[in-house]
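Colleague: need a structure here:
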Amino acid sequence: MATNIPILRRPGLPIALLVLITLLILAGAMAGCKRAPAATPTPTKTPKPEGTPTATQGPTPTPSATPLPTPTATATPTPTSAVAAQSVTIIDPATDPSINPLTGERVDPAVLDRRPLAVKISNAPAIVRPQAGLSFADVVFEHYAEGGLTRFTAIFLSKDCEKIGSVRSGRLIDLEIPAMFKSMFAYSGASAGVKQEIRESDFFDRVISPDFGHDSAFKRIPAPGKAYEHTLFTDTKTLWQVTDQRGLNGRQDIQGWVFSVEPPPGGAPATFIKIPYEPRYVTAEYQYDAAQGVYLRSVLGEPHTDELTGKQLTASNVIVLFANHVETPILEDTHGGGHYSIQIQLWGDGPAKIFRDGQEYDLRWSRPKRDDLVAFIDDEGNRFPLKPGNSWIQLVPLDFQIEVQ
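Modeller: Numbers count the residues shown, from 1 in each chain. Got it, this is the predicted structure:
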C-alpha cells in the first residue's frame, strides 16, 4: 500500500535527527495499514439424515441365568393429530367404532368386540409352504428366527379362519407383539430361555400353548413329507373360545394407525421389493399389481399362496422396519454348532420404509411405551396413513439392504 509521509523539518534540528523522526513516523503509518487477520470459522457438523439406517448396535448381552431385561428407550413423541400437510382424506379408526384399527376398513362392529389373536406360524423349511390362513390375517410380521431363516407372527381380528398353521415355537420378538396389539398369543412351545421370559411376561394370562398345558386349542393334521413338528394347527373359533373361557375377550383400545384411500404425496415409484433374508432359503418379494392395487408376495421367485384359498398372498401395505438385532445367550438349537435367539429391539424408534400404491416412502417408526402400537411418522412428526387393507411388516436389522425397483 502506497502512503505519502511528509518529511518534517524544524529550523536548527540536525539532519540525522530529522531522518530518525521521519523513519519512526513511516514505521507507525505502515503498521496501521496492516490488515487484521480474519476470524477462523467454527466448524459445523452435518446432521445424519434421519431416514438412513445405521449399524449402531445395542449393548451386547452377557450370558446370565437371569431373564433378559427389556430396556426403555426415549423416542420421538407420536402426535395424536392426523397428517397435517397431506392432501388426502384421513381415516382415523379412533373416531369411528366400525373401522377396524388394524386395516382401516369398515366392518361389522361386532367383529371388533373381541380380543386380537397373535399366532406363531412356520416359514421353514420350504415344505411348510403353502401355510394355512395367512391371507385371513389383518397383519403379518416376518422376522429372523435363527440360522438366517424367518418365521411369522400373524394377527387375526376381523376375519374368522378355519385352519391356521403350521403353528411353531415362539421367539423373543413375541414378547413385544402381543403387548402392542393387546392380543392373545398362540404358539407351540419355546426354548427354555424364551419360555421363561414368556412365563414372566405381563401377558402370560393371554398365552395359549402346549408348553403350559393348553393342548386342546390345537390339533395335529399329518401330511405326506411333513415332519411331526410341522403338523400342529389351530383356528380362530377355538382360540376365541379359550379367550372367552378365561374372561379375557372383548374390544381392545388399539390406537395409532391412520389410513387414506389416496396415496400421500412425496412417494417414489416402487413396483418391486426384495428382502433377501437368506438368499438360498428364504426371501420376501413383492410385485405391485396396479389392477388390484396390491403387492403380490413371492418367496424365492415362486408365488406364495394360502393353502385354504390356493391364491397368491397379497399386501395393501408392505412395511420394512429397521431395528437393532442382538444375539442373546439363549440357545435355540444345536444344529451346525448351535444357534442363539435374537432379540429384535422393537422399542424406541428407528427408520422405516412403507410401500403402498406402487410408491415408496421413507419414514420413522416409533414405539415409546410397551403397550403402544408401533406408529409410522413422517418428517414433520405426523402419522403416515396406510392404505386400507392388510399389512405385511418385515423386520430387518439396521444395516440391512433391500432391493427396490
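Colleague: in this protein, which helix or strand is least confident?
Modeller: Ranked by mean pLDDT, DSSP states H and E, the weakest helix or strand in the chain is helix 15-32, scoring a mean of 44.
Colleague: beta partners for Ile155?
Modeller: Ala118, Val139 (DSSP bridges).
Colleague: again but with Ile164, I slipped
Modeller: Beta-bridge partners of Ile164, as defined by DSSP bridges: Thr234.
Colleague: okay, now the nearest residue to Glu162 once chain neighbours are set aside: neighbour count?
Modeller: In this structure, Glu162 finds its nearest non-sequential neighbour in Asp235, 5.3 Å apart by Cβ to Cβ, 6 or more residues apart in numbering. C-beta: built from backbone N, CA, C; applies to glycine. By the criterion of other Cβ atoms under 10 Å, Asp235 has 22 neighbours.
Colleague: ok, Asp235 to Ala217 distance?
Modeller: From Asp235 over to Ala217 the distance is 9 Å, taken as Cβ to Cβ, to the nearest Å.
Colleague: where do the strands sit along the stretch 151-300 of the chain?
Modeller: For the stretch 151-300 of the chain, the strands defined by DSSP state E, counting those that start in this stretch cover 164-165, 184-186, 207-208, 219-220, 232-234, 258-259, 268-269, 272-278, 282-289, 294-299.
Colleague: who are the packing partners of the second one?
Modeller: I take that to be strand 184-186. strand 117-121, helix 177-181, strand 207-208, helix 236-245 (3 or more Cβ pairs under 8 Å, 6 or more residues apart in numbering; DSSP states H and E).
Colleague: ditto for the last one
Modeller: If contacts are counted by 3+ Cβ pairs under 8 Å, 6+ apart, strand 294-299 sits against strand 282-289, strand 314-315.
Colleague: need the CA coordinates for stretch 178-188. PDB is fine.
Modeller: Output of stretch 178-188 as PDB, limited to C-alpha atoms (Å, rounded to 0.1, in the frame of the first residue of the first chain):
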ATOM      1  CA  PRO A 178     -48.800 -59.400  21.900                       C
ATOM      2  CA  ALA A 179     -48.100 -56.400  24.200                       C
ATOM      3  CA  MET A 180     -48.600 -53.800  21.400                       C
ATOM      4  CA  PHE A 181     -51.700 -55.500  19.900                       C
ATOM      5  CA  LYS A 182     -53.200 -56.400  23.400                       C
ATOM      6  CA  SER A 183     -53.700 -59.900  21.900                       C
ATOM      7  CA  MET A 184     -53.800 -63.500  22.900                       C
ATOM      8  CA  PHE A 185     -50.600 -65.400  21.900                       C
ATOM      9  CA  ALA A 186     -50.900 -68.900  20.500                       C
ATOM     10  CA  TYR A 187     -47.700 -70.900  19.700                       C
ATOM     11  CA  SER A 188     -46.400 -74.500  20.000                       C
END
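Colleague: now do the most centrally placed residue in the chain against Asp211, distance only.
Modeller: Centroid-nearest residue in the chain: Leu321, 2.5 Å away (criterion: Cα atoms, centre = their mean). Computed as Cβ to Cβ, the Leu321 to Asp211 distance reads 27 Å.
Colleague: what does Phe376 give?
Modeller: When distance is defined by Cβ to Cβ, Phe376 is 33 Å away from Asp211.
Colleague: higher neighbour count, those two?
Modeller: Just comparing Phe376 and Asp211: by other Cβ under 10 Å the higher neighbour count belongs to Phe376, 24 against 18.
Colleague: that one looks like it's in a strand, true?
Modeller: Yes: per DSSP: H, G, I helix; E, B strand; the rest coil, Phe376 lies within a strand segment.
Colleague: which residues touch it?
Modeller: Neighbour list for Phe376: Trp257, Ile319, Ala352, Ile354, Leu363, Arg364, Trp365, Ser366, Arg383, Phe384, Leu386 [criterion: Cβ atoms under 8 Å, 6 or more residues apart in numbering].
Colleague: go again using 7 Å as the cut-off
Modeller: Ala352, Ile354, Leu363, Trp365, Arg383, Phe384 (Cβ atoms under 7 Å, 6 or more residues apart in numbering).
Colleague: name the SS class of the second one, please.
Modeller: To tie it back to what came earlier, the one meant is Ile354. Going by three-state DSSP: Ile354 is strand.
Colleague: any idea how far the closest residue to it other than its chain neighbours is from Val111?
Modeller: With sequence-adjacent residues excluded and distances taken as Cβ to Cβ, 6+ apart, Ile354 is closest to Tyr361, at 4.8 Å. Using Cβ to Cβ, we find Tyr361 at a distance of 30 Å from Val111.
Colleague: higher neighbour count, those two?
Modeller: Set Tyr361 next to Val111 and count neighbours by other Cβ under 10 Å: Tyr361 wins out with 21 against 14.
Colleague: so who does the residue nearest to Cys161 when sequence neighbours are not counted touch?
Modeller: Distance criterion Cβ to Cβ, 6+ apart; nearest residue to Cys161, sequence neighbours excluded, is Phe136 at 3.9 Å. Going by Cβ under 7 Å, 6+ apart, Phe136 touches Phe156, Lys159, Cys161.
Colleague: let me know whether the last one touches Thr236 as I believe.
Modeller: Yep, that's Cys161 we're talking about. Yes: counting by Cβ atoms under 7 Å, Cys161 does reach Thr236; the two are 4.9 Å apart.
Colleague: tell me, what's touching these two both at once?
Modeller: Common neighbours of Cys161 and Thr236, using Cβ under 7 Å, 6+ apart, do not exist here.
Colleague: does the residue nearest to the centre of the chain really touch Ala352, like I thought?
Modeller: Yes: at 5.2 Å, Leu321 counts as touching Ala352 under the criterion of Cβ under 7 Å.
Colleague: just checking, Trp240 touches Arg114?
Modeller: Yes: with contact defined as Cβ under 7 Å, Trp240 counts as touching Arg114 (5.9 Å).
Colleague: higher neighbour count, those two?
Modeller: Between Trp240 and Arg114, counted using other Cβ under 10 Å, Arg114 has the larger neighbour count: 20 against 17.
Colleague: can you confirm that one is in a helix?
Modeller: No: assigned with three-state DSSP, Arg114 falls outside any helix and is coil.
Colleague: returning to that earlier point: TSV for the helices and strands packed on strand 294-299, including mean pLDDT, distance to Asn390 and mean neighbour count?
Modeller: What follows is these, written out as TSV (pLDDT from 0 to 100; distance: least, Cβ to Cβ, whole Å; neighbours: other Cβ atoms under 10 Å):
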stretch	mean pLDDT	distance to Asn390	mean neighbour count
strand 282-289	98	13	20
strand 314-315	98	6	22
